[in-house]
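Visitor: Would you be able to build a 3D model of this:
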Amino acid sequence: GDKRETAVAIAKESGLIHSEDDVVLTSGEMKKMSDDELKKILPQLRVVARALPTDKSRLVNIAQELDMVVGMTGDGVNDAPALKKAEVGFAMGSGTEVAKEAGDITILDDNFRSIVKAILYGRSIFKSIRKFLIFQLTVNVAAVLVCFLGPML
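Guide: Down below sits the predicted model:
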């Protein structure tokens with residue numbers, strides 16, 4: 001929502017922009033670009049200043065066309081379509097109920113560092129479930145084989 005200069009300053013301070021190759025666009029500049037042009041610069045795109053809801057949805061669609069896994073953050077009604085389209089939608093706890101419903105995860109403390117923690121916990125839970133299922137399938141397949149082969153022998 002900020003002007004280009006403000007967005008660039010915040011992005012540099014927070015570590016989003018590292019080099020001169022990183023791309024910063026405004027909503028107006030992005031609107032003038034074709035989807036193919038956006039696909040080319042998307043890996044280097046770091047900031048979109050003054051982004052509109054349509055810009056967010058467009059970026060999600062283009063990233064998904066490039067087979068990227070898309071995570072989107074938002075807190076307002078206008079963010080809901082992009083939150084819903086993304087693979088993972090992170091809604092901010094102080095945001096609207098519409099955004100919270102559209103998002104997959106609600107960050108209660110409104111801290112972007114919590115997103116990293118949420119991803120870490122989610123991956124840990126996923127790995128634990130996978131290990132449990134592999135263990136259960138191995139044990140149950142062995143038990144079923146013993147139950148069928150035992151009486152036959």
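Visitor: got the contact list for the residue nearest to residue 68 when sequence neighbours are not counted?
Guide: Closest residue in space to residue 68, ignoring its immediate chain neighbours: residue 42 at 7.9 Å, by C-beta to C-beta, 6 or more residues apart in numbering. No exception for glycine: its C-beta is placed from N, CA and C like everyone else's. Residue 42 makes contacts with 59, 62-63, 66, 68, as judged by C-beta atoms under 8 Å, 6 or more residues apart in numbering.
Visitor: same thing but at 7 Å, please
Guide: For residue 42, the set of contacting residues under the criterion of C-beta atoms under 7 Å, 6 or more residues apart in numbering consists of 62-63, 66.
Visitor: repeat for residue 96
Guide: Contacts were defined as C-beta under 7 Å, 6+ apart; by that measure residue 96 touches 75-77.
Visitor: just to revisit the earlier point, between the contacts of residue 42, which is nearest residue 100?
Guide: Distance to residue 100, by C-beta to C-beta, is smallest for residue 63 among the contacts of residue 42, at 22.7 Å.
Visitor: Would you agree that closest one is in contact with residue 70?
Guide: Yes. A contact is recorded between residue 63 and residue 70 when judged using C-beta atoms under 7 Å, the distance being 4.8 Å.
Visitor: Off-centre distance for stretch 3-21?
Guide: Centroid separation between stretch 3-21 and its chain, computed with C-alpha atoms, centre = their mean, to the nearest Å, is 20 Å.
Visitor: pLDDT of it, averaged?
Guide: Across stretch 3-21, the average pLDDT comes to 87.
Visitor: Low-confidence stretches in the chain?
Guide: Flagging of the chain using pLDDT under 70 yields the residue ranges 1.
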